[in-house]
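**Q** Sequence plus predicted model, see below.
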Amino acid sequence: MGNIKHAGVYDIKSRIIKITEHLGDCILAAIFCLSMVYAMTTSLLFDYSPLFLYHIIFALLIIFSVMFYNKTTRLISLGAIFLFTLSLAIYLYKTNALAEFIESTGFFMEWVRNYTSVGASFISSYAIILTILICIAVCLPAYFFIVSRFNFFVVLFGGVYLFVIQWIADIFVSYQPFYMFLFVIIIYYFRYIYQKSSSEETADRTSMLLFSIFLLPLCVLILYIVMSLPVSEKPLEWPWLDKKVITAIDYVKNRFSYQTFDRFSIENAGFDDGDSKLGGSVNSDGTPVLKVKTPQRIYLKGSEKDIYDGSSWKSSSEENMPLSPFAYESIDTSSPYLDTFEMEIGLFLYTGDPHVLSMHTKEISIDVQFLNLRTPCIFAPVKITGIKSSGNNPVDIFHNGNGILYTDDYMSKGFEYNIKMRSVDLNDEVVKALLENSHRGFLKKEFRKLRQRYRFSPYSSYVQKADIDRALKRNGKTLLLIDEYISALMENSERIYSRYLQIPDTLPDRVMHLAYGLTLNAKNSYEAVRSIENFLSSNFRYTLTPEPMPEDRDFVDWFLFESREGYCTYYATAMTILTRCIGIPARYVEGYTLPSKQNSDGTYTVTNEQAHAWVEVYFEGFGWLPFEPTPGYNTSVSEQAASVQANLDNVNSNSMVTMPRDNDSNVTDSFSENQPAVTEKPEESHAKLNSLTIPLIVFAFLLLVFSGTITVNYLRRKARLRKFHNALPRQSILLMYGHILDVLSSQGLGLQPGETPVEYSDRIEGCMSSNSSFKRITNIFLTARYANSDVHENEKSEVYSFYKCFLMEIKKVIGSRKYWIYKNILGKL
């Protein structure tokens, strides 16, 4: 009875000790999990205290401990989870709540996506659900690799992975979780060393727990010393690695990431909140979308908008017309080519020179290739003279009557087309004079002058004078300047004036007053538009994170007088409306700009980061001209800075607020042609890394570690062989034989307790090929180890020769793949 009672007491004591050990492991594991969870919740801007999170984590670890205690509890737990899920599904189905549950789940997932990508509003109920899911995702693997079966390297790389991602993605919000991780990982490292150096009998759970407790003061001291050391904000700067990683990211994106849309909008590239309203967060990325070959940087527009309602832009054009080649015999007033034709006619009317087009403009060819796009949109500049698809199968191209082109089907990666356009130098005196003399009625007035100059008859369909007839020859055909031609251009001009002067009735008066004040001293329409452009690009702050606009406010009014900050859509919208306020047609345009640098092959790779909005202004007799009010994109120096400032003094003080200027925007080389210069966005040239790029960066990091491991093991092998070769014969033999024993031990053929070297050599000899001389090598080793006689160089050479053959023998036994791992990764061979 006494023995039974003693055994029972011992069993209870053992259980108490075991439970205590397990709780100790859970407490330490919970600190590790807290460092992971707290790092993620702080990055998500969740305001949960570490103590609150620790309670959730510790409870989850206890639950997992019960669930996975043994095989029986695992089966019971899995069965209970299955029955609960099945019961819940049946209950929801019977109560007709299944659809509501699925809808609620969809809302939650959509909120998570929007909150993490575009910054949706915080919802506390969703946030706590997401936090619990994060805790489960962290605690479950932590239980298996810390509490159940300790694996130091999984713990180490798991934590390093998370914090490296946060550092690279620039979402490192709080240092507290990182310090927690350092504290725990130091304890686990010493625990790993202790476990590795101890035998199975001594390294039990109790001794491990006591060892961890003993290490607490030492870990605190080490952590304090490390935190006290001065450190650079960027301790590691590897430009070559950054270049390789970016190359890898671009390669994967170029192959696997596609973007699909029917009609282009800047929202497709990550601008705005996706609700069609102006403003909001920016979540663009570096996905390559176009490859463009062009002799100069240009704007490629994909959409134009004409109706502004105070909070968004819309297009009133839904026409779908096939694009036909331009014909001088039959002018199509809706054709995109009419814009170029108007410039040609305007230059001729103004100068009377039949060669004016070739003298003051030049034709350039542009090749465009789709990369990661699937869309019918055709991206094109202004002043086009021709467009055709490349390849053996021509694609029909359509237009909407306002310069926007598209195909009748979705075009995907590899689709190519060529554009011809007339490039205009805005510094050319004739071009500049034409723009400065442009006004409403310009075509009619100048044609009247020209007709009087050459005594045209308004009722004649042909030019009467032979010299004029010869002068107006173009491409082998006679360009007849008849009333019908000018009438067609004037009809198009009136259509533009009626379409692109729309202003909402709700627009505050102070916006109109500001437009008048800015252009009060302008001598002509072109100078007035430049004044507005210079004012916007010089007096407002560019930012990708503007302040949210209140409800029931006009977007332009809010931008000009309240927020005074924003990105391209803010500037383009404001300039379009201000220009319309002074009676000049303008339209809001979206598309892509080109990056500042070319590829090595002379092409430009356009990404979503080059998605942009700008303004096109109509000048009668010239056509549409792009303007760039966004700071950092416009490199032109304001020639009327003094007059603009003088104009500001005339604006009603109640409707004018001094605007801050962002002086940090960079200036790049300017365009020499008709497209204003474009540079990278002056703030946040790259958006935060998305979910695809983060794993790629981690993969590149692991690849670096992998290649570094191979390199280190290679250098170790070379150093070892050099040491064998340079050592004296006796020392060299001892070193080589010792390494041979290590190799055999790694393959489970180590020296057994009580086994003599001779017995060992007999056993190994039987495992190797018939021509093996391991016994002979063992005898040489015994002589070198114990005999007082000299060891000769030929014995050293014999052992060295055996060593190289021995490695080949090992390769045959374990196989090439396993041999490579042991040799290059584990460094055992």
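**A** Received, thanks.
**Q** Could you look up the SS state of Leu751?
**A** When classified by DSSP: H, G, I helix; E, B strand; the rest coil, Leu751 comes out as coil.
**Q** just checking, it touches Tyr760?
**A** Yes: counting by C-beta atoms under 8 Å, Leu751 does reach Tyr760; the two are 5.3 Å apart. For every residue, glycine as well, the C-beta is placed using N, CA and C.
**Q** Tell me which of those two has more neighbours.
**A** It is Tyr760, of Leu751 and Tyr760, that has more neighbours when counted by other C-beta atoms under 10 Å, with 19 against 15.
**Q** Could you list the low-pLDDT ranges of the stretch 401-550 of the chain?
**A** In the predicted model of the stretch 401-550 of the chain, residues 450-483 satisfy pLDDT under 70.
**Q** Now do the helices in it.
**A** Taking DSSP state H, counting those that start in this stretch to define them, one finds helices in the stretch 401-550 of the chain at 429-437, 442-453, 466-471, 483-499, 509-518, 525-539.
**Q** what helices or strands is the longest one leaning on?
**A** Using 3 or more C-beta pairs under 8 Å, 6 or more residues apart in numbering; DSSP states H and E as the contact criterion, the neighbours of helix 483-499 among helices and strands are helix 338-351, helix 442-453.
**Q** out of those, deepest packed?
**A** helix 338-351 (a mean of 22; mean count of other C-beta atoms under 10 Å).
**Q** With respect to Trp614, which of the helices and strands packed on helix 483-499 lies nearest?
**A** Closest approach to Trp614 among the helices and strands packed on helix 483-499 (C-beta to C-beta): helix 338-351, 16.0 Å.
**Q** packing partners for that closest one?
**A** Counting contacts by 3+ C-beta pairs under 8 Å, 6+ apart, helix 338-351 packs against helix 356-360, strand 384-389, strand 416-424, helix 429-437, helix 442-453, helix 483-499, strand 623-627.
**Q** Of all those, which one comes closest to Asn114?
**A** Taking the helices and strands packed on helix 338-351 one by one with C-beta to C-beta, strand 623-627 is closest: 33.0 Å.
**Q** just the CA coordinates of that closest one, formatted as CSV?
**A** Extracted C-alpha coordinates of strand 623-627, given in CSV (Å, rounded to 0.1, in the frame of the first residue of the first chain):
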residue,chain,number,x,y,z
GLY,A,623,-6.7,73.0,-82.1
TRP,A,624,-6.0,71.3,-78.8
LEU,A,625,-2.9,71.9,-76.8
PRO,A,626,-1.9,70.1,-73.6
PHE,A,627,-1.2,72.1,-70.4
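**Q** average pLDDT across that strand?
**A** Strand 623-627 shows a mean pLDDT of 93.
**Q** Flag every buried residue along that strand.
**A** Under the neighbour-count criterion of 16 or more other C-beta atoms under 10 Å, strand 623-627 has Gly623, Trp624, Leu625, Pro626, Phe627 buried.
**Q** quick check, nearest of those residues to Cys805?
**A** Among those, and counting by C-beta to C-beta, the member closest to Cys805 is Pro626, at 75.6 Å.
**Q** how near is the closest one to Ala433?
**A** 20 Å (C-beta to C-beta, to the nearest Å).
**Q** cool, Asn320 as well?
**A** 39 Å.
**Q** more crowded one of these two?
**A** Between Asn320 and Ala433, counted using other C-beta under 10 Å, Ala433 has the larger neighbour count: 14 against 11.
**Q** My understanding was that that one contacts Tyr350; is that so?
**A** Yes: counting by C-beta under 8 Å, Tyr350 is a contact partner of Ala433 at 7.2 Å.
**Q** hmm, back to that, quick one: closest of the helices and strands packed on helix 483-499 to Arg495.
**A** Arg495 lies closest to helix 338-351 among the helices and strands packed on helix 483-499, at 10.6 Å (C-beta to C-beta).
**Q** Find me the pLDDT at the closest residue to Ala29 other than its chain neighbours, would you?
**A** Leaving aside its chain neighbours, Ala29 sits nearest to Ile146 (4.3 Å; criterion: C-beta to C-beta, 6 or more residues apart in numbering). With respect to pLDDT, Ile146 scores 86.
**Q** My guess is Ile146 contacts Asp25. True?
**A** Yes: proximity of Ile146 to Asp25 meets the contact threshold set by C-beta under 8 Å, at 6.8 Å.
**Q** Look at these two and report which has more neighbours.
**A** Ile146 (25 against 21).
**Q** Who are the contact partners of the more buried one?
**A** Asp25, Leu28, Ala29, Phe32, Val155, Tyr188 (C-beta atoms under 8 Å, 6 or more residues apart in numbering).
**Q** ok, those residues vs Asn824, which is closest?
**A** Val155 (24.8 Å).
**Q** How many residues are close by Ser498?
**A** Ser498 has 10 nearby residues by other C-beta under 10 Å.
**Q** count of neighbours near Ile31?
**A** 18.
**Q** same check, this time on the one 10 residues further on
**A** For Thr41, the count of nearby residues is 23 (other C-beta under 10 Å).
**Q** Show the contacting residues for it.
**A** By C-beta under 8 Å, 6+ apart, the contact list for Thr41 reads Tyr48, Leu53, Thr131, Ile134.
**Q** these two touch, right, the third one and Leu45?
**A** No: here Thr131 lies out of contact with Leu45, judged by C-beta under 8 Å, at a distance of 11.9 Å.
**Q** Compare these two and say which is more crowded by neighbours.
**A** Each of Thr131 and Leu45 has its neighbours counted (other C-beta under 10 Å); Thr131 has more, 19 against 12.
**Q** the domain parsing of this protein - what is it?
**A** The chain breaks down into these domains under automatic domain parsing: 2-228, 260-499, 509-655, 693-825.
**Q** Single out the most deeply packed of those domains.
**A** Sort these by mean neighbour count, taking mean count of other C-beta under 10 Å, and domain 509-655 sits at the top with a mean of 21.
**Q** Quick one: residues contacting Ser745.
**A** Ser745 is in contact with Leu751, counting by C-beta under 8 Å, 6+ apart.
**Q** what pLDDT does it get?
**A** Predicted confidence (pLDDT) for Ser745: 81.
**Q** Give me the three-state assignment for it.
**A** Applying three-state DSSP: Ser745 is helix.
**Q** From Tyr786, how far out is it?
**A** To Tyr786, Ser745 is 22 Å away according to C-beta to C-beta.
**Q** for Asn524, same thing?
**A** Taking C-beta to C-beta, one finds Asn524 at 107 Å from Tyr786.
**Q** Next: Met808.
**A** Applying C-beta to C-beta to Met808 and Tyr786 gives a distance of 29 Å.
**Q** before we move on, what about His739?
**A** 19 Å.
**Q** what do you get for Ile331?
**A** Distance, Ile331 to Tyr786, using C-beta to C-beta: 109 Å.
**Q** Kindly report the same for Leu60.
**A** In terms of C-beta to C-beta, Leu60 sits 60 Å off from Tyr786.
**Q** follow-up on the earlier one: now flag whichever of the buried residues of strand 623-627 is closest to Leu373.
**A** Among the buried residues of strand 623-627, and counting by C-beta to C-beta, the member closest to Leu373 is Pro626, at 22.2 Å.
**Q** that older thread, and Gly403, which of the helices and strands packed on helix 338-351 is closest to it?
**A** Among the helices and strands packed on helix 338-351, the nearest to Gly403 by C-beta to C-beta is strand 623-627 (7.1 Å).
**Q** how far off helix 525-539 does that closest one point, in degrees?
**A** Relative orientation of strand 623-627 and helix 525-539, computed by axes from the mean of the first three to the mean of the last three C-alpha atoms, to 10 degrees: 20 degrees.
**Q** want to try CSV for the contacts of Thr41, with secondary structure as columns?
**A** Below are those laid out as CSV (three-state DSSP):
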residue, secondary structure
Tyr48, coil
Leu53, helix
Thr131, helix
Ile134, helix
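**Q** Of these, which pair is most distant in space?
**A** So, the contacts of Thr41 by C-beta to C-beta: farthest apart are Tyr48 and Ile134, at 10.5 Å.
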